[in-house]
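**Student:** Got a predicted model here, sequence first, then my questions.
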Amino acid sequence: MADKVREFFAELPSRVDPAKTAGMNNSYVFDIHDVGQWTVRLDDGAVTVDEGSADADCTISASQENFEQLVARELNPTTAYMTGKLKIKGDMGAAMKLQKLF
């Protein structure tokens, strides 16, 4: 199952529409419990992903199951945050922009 999460981050740069992320200059750390951490950077439409954590605007933490449900659009991000299934530390405004990625 952890392979789905790794595959998501490996394919993310090629799946994002640069037109949707143009003008975004943010960085995120995704901490997926018991799977790993990834740093995602957006630089005016270009997306890069590195395994591990680095300085970022915000950190998003979730279980593997909840993350996979979020990506599959089976779990609403706002509901996940309000119920504690998704935790966000740092710049909430940057976190809200993530909707353009998924």
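**Tutor:** Here it is on my side, so go on. Numbers count the residues shown, from 1 in each chain.

**Student:** Which pLDDT value belongs to the most centrally placed residue in the chain?
**Tutor:** Among the residues of the chain, the one closest to the centroid is residue 30, at 5.4 Å (C-alpha atoms, centre = their mean). Looking at residue 30, its pLDDT stands at 97.

**Student:** quick one: strands adjacent to the host helix or strand of residue 49?
**Tutor:** Counting by DSSP states H and E, the element that carries residue 49 is strand 46-51. Applying DSSP bridges to the sheet, strand 46-51 is found paired with strand 36-43 (antiparallel).

**Student:** contact partners of the partner strand?
**Tutor:** Applying C-beta atoms under 8 Å, 6 or more residues apart in numbering, the contact partners of strand 36-43 are 2, 5-6, 9, 12, 21, 24-32, 47-54, 56, 101. For every residue, glycine as well, the C-beta is placed using N, CA and C.

**Student:** Name only those of these that count as buried.
**Tutor:** Buried subset of these (neighbour count, 16 or more other C-beta atoms under 10 Å): 5, 9, 12, 21, 24, 26-32, 47, 49, 56, 101.

**Student:** List just the nearest of these to residue 74.
**Tutor:** Sorting the buried ones among the contacts of strand 36-43 by distance to residue 74 puts residue 5 at the head of the list, at 14.8 Å, by C-beta to C-beta.

**Student:** Would you confirm that that closest one contacts residue 31?
**Tutor:** No. With contact taken as C-beta atoms under 8 Å, residue 5 and residue 31 are classed as non-touching, separated by 11.2 Å.

**Student:** tell me the average confidence for whichever strand or helix holds residue 14?
**Tutor:** Of the helices and strands defined by DSSP H and E, residue 14 is found in helix 2-15. For helix 2-15, mean pLDDT rounds to 92.
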